[in-house]
Structure formats: C-alpha cells, structure tokens
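A.B. asks: pasting the sequence and the predicted coordinates here, then a few questions.
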Amino acid sequence: MEQMYAYKCTKCGKLHHPRYVVCQNPDCDGREFTEVPLEGKCKLLTWTRVYNLPEGYMQPWLHFGVVEFENGVRVTGQIGFDEGIESGMELLATVGIVRTRRILYKESIDCEETGFVFVKP
Ligand SMILES: [Zn+2]
C-alpha cells in the first residue's frame with residue numbers, strides 16, 4: 001500500500017500537496033520539505049459526479065471530491081461509495097488503486113495508478 005504525503009517547508013512550515021520545488025508561501029523561498037503522511041480523518045468540501053471517464057475506469061461514472069485534512073491540506077480523490085454523499089461530511093482518506101490502464105507494448109501490461117479513495121468513517 002502506498003502512502004500519500006504532504007510536504008512541509010522546513011523554513012516556514014507551510015504544508016503543500018502535491019510537492020513543489022519551491023515553497024508556495026510568497027514570503028518564503030524554502031526548497032526543503034519534510035514528508036507528512038496524509039491519511040485518516042478529513043472533511044468533504046465539495047464533490048461531483050463525473051461521466052465519460054477515460055479508458056481504464058470500470059464504472060459508468062465516479063464521484064470525485066475535494067477534502068480538507070485536519071492540518072488544512074486539501075486534496076482531490078475518488079469517493080468510494082455512492083449513497084448519501086454530502087458536503088461537510090466526515091470521511092476517512094485511504095490510498096487505493098483508482099485506475100488500471102492496459103498498455104500494449106509487445107505484451108500487454110496492466111498499469112495501476114494509486115490515489116486517494118475517501119470512505120465513510
Ligand atoms: Zn516556506
């Protein structure tokens with residue numbers, strides 16, 4: 001299981017996700033970051049149902065959401081259930097396989113992409 005991280009500037013402490021080369025704080029030029037695991041409790045800020053998914057998704061639609069962790073970091077990911085999705089609800093962030101792509105190159109290779117999957121606590 002892969003772990004997702006936020007990146008904390010060692011100079012000013014600002015958290016980033018995803019990783020940047022230079023700190024995004026306008027008053028800081030930090031270039032070193034420490035990894036902070038992103039997982040567990042988060043709050044759903046907004047969500048949407050997406051149709052016409054790219055190849056590799058095995059469902060007719062998917063729910064994508066933006067959540068905020070308790071440390072203020074916001075990330076997007078897949079919502080792992082269909083019923084009762086409401087903005088403001090508490091969720092748990094897990095990391096899972098969000099998409100399998102079959103790449104045909106001499107032989108076929110299944111390429112799995114991981115990302116956030118939000119589940120009910
Ligand atoms: Zn900084």
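C.D. replies: It's in.

A.B. asks: the lengthiest strand in the chain: how far from the chain's middle?
C.D. replies: In the chain, taking DSSP state E as the definition, the longest strand is strand 90-105. Averaging C-alpha positions (CA atoms, centre = their mean, to the nearest Å) puts strand 90-105 10 Å from its chain's average.

A.B. asks: tell me which other helices or strands it touches.
C.D. replies: With contacts defined as 3 or more CB pairs under 8 Å, 6 or more residues apart in numbering; DSSP states H and E, strand 90-105 has these neighbours: strand 40-50, strand 62-69, strand 74-79, strand 107-119. (C-beta placed from N, C-alpha, C; glycine too.)

A.B. asks: worst average pLDDT in these?
C.D. replies: Mean pLDDT is lowest for strand 107-119 out of these, coming in at a mean of 84.

A.B. asks: circling back to that earlier point, just the buried positions in the longest strand of the chain, please.
C.D. replies: Applying a neighbour-count criterion of 16 or more other CB atoms under 10 Å, the buried positions in strand 90-105 are 91, 93, 95, 98-99.

A.B. asks: and stretch 109-121, by the same measure?
C.D. replies: Using 16+ other CB under 10 Å as the test for burial, stretch 109-121 gives 116-118.

A.B. asks: which residues sit against it?
C.D. replies: Counting contacts by CB atoms under 8 Å, 6 or more residues apart in numbering, the residues outside stretch 109-121 that touch it are 2, 4, 38, 41-42, 44, 65, 67, 75-81, 90-103.

A.B. asks: check stretch 25-37 too.
C.D. replies: 3-12, 14-16, 19, 21-23, 71.

A.B. asks: just the C-alphas of stretch 102-109, formatted as PDB.
C.D. replies: Taking only C-alpha atoms (Å, rounded to 0.1, in the frame of the first residue of the first chain), the coordinates of stretch 102-109 have been written out as PDB:
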ATOM      1  CA  ARG A 102      -3.700  -1.600 -20.100                       C
ATOM      2  CA  ILE A 103      -0.700  -0.700 -22.100                       C
ATOM      3  CA  LEU A 104       0.000  -2.600 -25.200                       C
ATOM      4  CA  TYR A 105       3.700  -2.800 -25.900                       C
ATOM      5  CA  LYS A 106       5.000  -6.100 -27.200                       C
ATOM      6  CA  GLU A 107       2.900  -7.700 -24.400                       C
ATOM      7  CA  SER A 108       0.100  -6.200 -22.500                       C
ATOM      8  CA  ILE A 109       1.000  -4.600 -19.200                       C
END
